[in-house]
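K.L.:
Predicted structure and sequence below. I'll ask about it afterward.
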Amino acid sequence: MQRVFNFSAGPSMLPLPALEKARDELVNYKNTGTSVMEMSHRSKAYLEIITDAESLLRELMAIPENYKVLFLQGGASMQFSMVPQNLMVNKKADYVNTGQFAKKASSEAKKFGEVNIVASSEDKTFSYIPELNPAKFTKDADYFHITMNNTIFGTRFTEIPDTGSVPLVTDMSSSILSEVYDVSKFGLIYAGAQKNIGPAGVTVVIIREDLLGRAPSNLATMLDYKIHADNDSMYNTPPTYSIYIAKLVFEWLKDLGGISAIQKINEEKAAYLYDYLDNSSLFKAPVVKKDRSLMNATFITGSDELDSKFVKEAEKAGFVNLKGHRSVGGMRASIYNAMPYEGIKALVEFMKKFETENK
Ligand SMILES: *Cc1c(COP(=O)(O)O)cnc(C)c1O
């Protein structure tokens, strides 16, 4: 059976070379006689894997020395809650409401302190990134939170807001490693793995060291960033196999030329698809041009019937998971790092054909 072009928003496509390497190493990792899945997380072989994973990520993202890299569990959704529980000292935080995940993040924060929604794009079903007015920022906020790429609606921040001395926290789940980001502009970055890093199960947190140790003393041990930092993500058993696959994905990215190289490819992929959408007489991209995501392209025909016909026929032709999120409908092509340029070209060819047949 042939592999399909998988446009799933997450878990999503992984680079084939990483999967093939994992297959080759599956039952006997480097002559240890065991699978990585069966190894003690404190074994020499495994320590090498997690250490390599961290140093590759540091190299790829040029993470400064004064940041810790943590491999945690619980997904990005756990971070919605860990961020306020660890960082809310004055019990005040600013949030930008750019979609469903942003809203979930701020709702969790409200359980622990005062939340100021600085800006929102909900008035136009999150089809743009709102202007930020610094006069509305809370001066003594514990942090300022944005969702870098809005997976469901297909928007992204193209400029990093300047929040002065207030630490900027970002949910980077669906755009980490897709374009060059200056890590030093952030206090904390978090990302669930299942879009651009590896399989579900591991969550990456990159945290500036001065933000460690702010948690109240009665915070559950497993929720405290400092505990995980002090124990090199080995306070308890980390998600060992997910971290191993992440390492293989990082190696693939490095071989490809790193983030600037993949960014160029991602920009070409997205431009090819959006150009077609903007010139199509059937399909339409609803997101404001300047705010369009490089990772999740949303589009519609304007007819629910035609939308579902398209999704069905696409699936038969080997383009799977193009249905939009259940909350918004329409279509969404998630085109993360592992989606090759050929996948986009083939999809556009298919869409052209569908357009001619359904005029
Ligand atoms: C997928 C996603 C999440 C949810 O991640 P989980 O790991 O399922 O908790 C949160 N935020 C963004 C931006 C996402 O893309």
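P.N.:
Yep, it's here. Residues are numbered from 1 along each chain as shown.
K.L.:
alpha carbons only for contacts and neighbour counts from here, please
P.N.:
Fine.
K.L.:
which bits of the stretch 1-150 of the chain sit near the ligand?
P.N.:
Within the stretch 1-150 of the chain, the positions near the ligand by C-alpha under 6 Å from any ligand atom are 75-77, 101, 147, 149-150.
K.L.:
Show me the residues you listed that map onto strands.
P.N.:
147, 149-150 (DSSP state E).
K.L.:
Tabulate the residues you listed (a markdown table), appending neighbour count.
P.N.:
Shown next, in a markdown table, are these (neighbours: other C-alpha atoms under 10 Å):
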| residue | neighbour count |
| --- | --- |
| T147 | 28 |
| N149 | 30 |
| N150 | 29 |
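K.L.:
can I get those residues in CSV with pLDDT?
P.N.:
Below are these laid out as CSV (pLDDT from 0 to 100):
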residue, pLDDT
T147, 98
N149, 98
N150, 98
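K.L.:
quick one: the strands in the stretch 201-350 of the chain?
P.N.:
203-208, 296-299, 319-320, 331-334 (DSSP state E, counting those that start in this stretch).
K.L.:
Sheet-wise, list the partners of the shortest one with their directions.
P.N.:
What that stands for is strand 319-320. Taking DSSP bridges as the criterion, strand 319-320 forms sheet pairs with strand 5-6 (parallel).
K.L.:
Now the element after the strand it pairs with, going C-ward?
P.N.:
Following strand 5-6 in sequence order, the next helix or strand is helix 16-25 (DSSP states H and E).
K.L.:
Name the residues that touch that next one?
P.N.:
Residues from elsewhere that reach helix 16-25 (C-alpha atoms under 8 Å, 6 or more residues apart in numbering): 35, 245, 248-249, 252, 338.
K.L.:
Tell me the first helix or strand C-terminal of it.
P.N.:
Counting by DSSP H and E, what follows helix 16-25 is helix 44-61.
K.L.:
Next, the buried residues of that following helix.
P.N.:
By neighbour count on 16 or more other C-alpha atoms under 10 Å, the buried set for helix 44-61 is 46, 49-50, 52-58, 60-61.
K.L.:
And the residue of the stretch 201-350 of the chain closest to the ligand?
P.N.:
Per C-alpha to the nearest ligand atom, T203 is where the stretch 201-350 of the chain lies closest to the ligand, at 7.1 Å.
K.L.:
near the ligand, which residues of the stretch 151-300 of the chain?
P.N.:
Residues of the stretch 151-300 of the chain lying near the ligand (C-alpha under 6 Å from any ligand atom): 151, 171, 173-174, 192.
K.L.:
try it again with 8 Å
P.N.:
In this structure, the stretch 151-300 of the chain approaches the ligand at residues 151-152, 171-174, 191-195, 200-201, 203, judged by C-alpha under 8 Å from any ligand atom.
K.L.:
Among these, which ones are in strands?
P.N.:
Using DSSP E, 171, 191-192, 203 are the members of those that sit in strands.
K.L.:
So which of the residues you listed wins on neighbours?
P.N.:
G192 (31 neighbours; other C-alpha atoms under 10 Å).
K.L.:
quick one, which of the strands of the stretch 201-350 of the chain is nearest to V83?
P.N.:
Counting by C-alpha to C-alpha, V83 lies closest to strand 203-208 out of the strands of the stretch 201-350 of the chain; the figure is 10.3 Å.
K.L.:
neighbouring contacts of that closest one?
P.N.:
Residues contacting strand 203-208 (C-alpha under 8 Å, 6+ apart): 66-76, 186-193.
K.L.:
go with 7 Å
P.N.:
66-73, 75-76, 187-193 (C-alpha atoms under 7 Å, 6 or more residues apart in numbering).
K.L.:
Kindly calculate the angle that it makes with helix 44-61.
P.N.:
On the basis of axes from the mean of the first three to the mean of the last three C-alpha atoms, to 10 degrees, strand 203-208 is oriented at 60 degrees to helix 44-61.
K.L.:
what is the rounded mean pLDDT of strand 203-208?
P.N.:
Strand 203-208 shows an average pLDDT of 98 in the prediction.
K.L.:
just how off-centre is it within its chain?
P.N.:
Strand 203-208 has its C-alpha centroid displaced from the chain centroid by 13 Å (C-alpha atoms, centre = their mean, to the nearest Å).
K.L.:
Using CSV, write out every CA atom in it.
P.N.:
Extracted C-alpha coordinates of strand 203-208, given in CSV (Å, rounded to 0.1, in the frame of the first residue of the first chain):
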residue,chain,number,x,y,z
THR,A,203,5.5,18.6,25.0
VAL,A,204,8.5,20.9,24.6
VAL,A,205,8.8,23.9,26.9
ILE,A,206,11.6,26.4,26.4
ILE,A,207,11.8,28.7,29.5
ARG,A,208,14.1,31.6,30.5
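K.L.:
what angle separates the lengthiest helix in the chain from helix 44-61?
P.N.:
When the chain is scanned for its longest helix (criterion: DSSP state H), the result is helix 258-279. Here helix 258-279 runs at an angle of 60 degrees relative to helix 44-61 (the same axes, to 10 degrees).
K.L.:
what are the C-alpha coordinates of helix 258-279, in PDB please?
P.N.:
Taking Å, rounded to 0.1, in the frame of the first residue of the first chain, the C-alpha atoms of helix 258-279 are listed here in PDB:
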ATOM      1  CA  GLY A 258      18.000  23.800   9.400                       C
ATOM      2  CA  ILE A 259      15.100  26.200  10.000                       C
ATOM      3  CA  SER A 260      16.000  28.800   7.400                       C
ATOM      4  CA  ALA A 261      16.000  26.100   4.800                       C
ATOM      5  CA  ILE A 262      12.700  24.600   5.800                       C
ATOM      6  CA  GLN A 263      11.200  28.200   6.200                       C
ATOM      7  CA  LYS A 264      12.000  28.800   2.500                       C
ATOM      8  CA  ILE A 265      10.300  25.600   1.500                       C
ATOM      9  CA  ASN A 266       7.300  26.300   3.700                       C
ATOM     10  CA  GLU A 267       6.900  29.800   2.200                       C
ATOM     11  CA  GLU A 268       7.000  28.300  -1.300                       C
ATOM     12  CA  LYS A 269       4.500  25.600  -0.400                       C
ATOM     13  CA  ALA A 270       2.100  28.100   1.100                       C
ATOM     14  CA  ALA A 271       2.500  30.600  -1.700                       C
ATOM     15  CA  TYR A 272       1.700  27.900  -4.300                       C
ATOM     16  CA  LEU A 273      -1.500  26.900  -2.600                       C
ATOM     17  CA  TYR A 274      -2.700  30.500  -1.700                       C
ATOM     18  CA  ASP A 275      -1.900  31.700  -5.200                       C
ATOM     19  CA  TYR A 276      -4.100  29.100  -6.600                       C
ATOM     20  CA  LEU A 277      -6.900  29.800  -4.100                       C
ATOM     21  CA  ASP A 278      -6.800  33.500  -4.800                       C
ATOM     22  CA  ASN A 279      -7.300  32.900  -8.500                       C
END
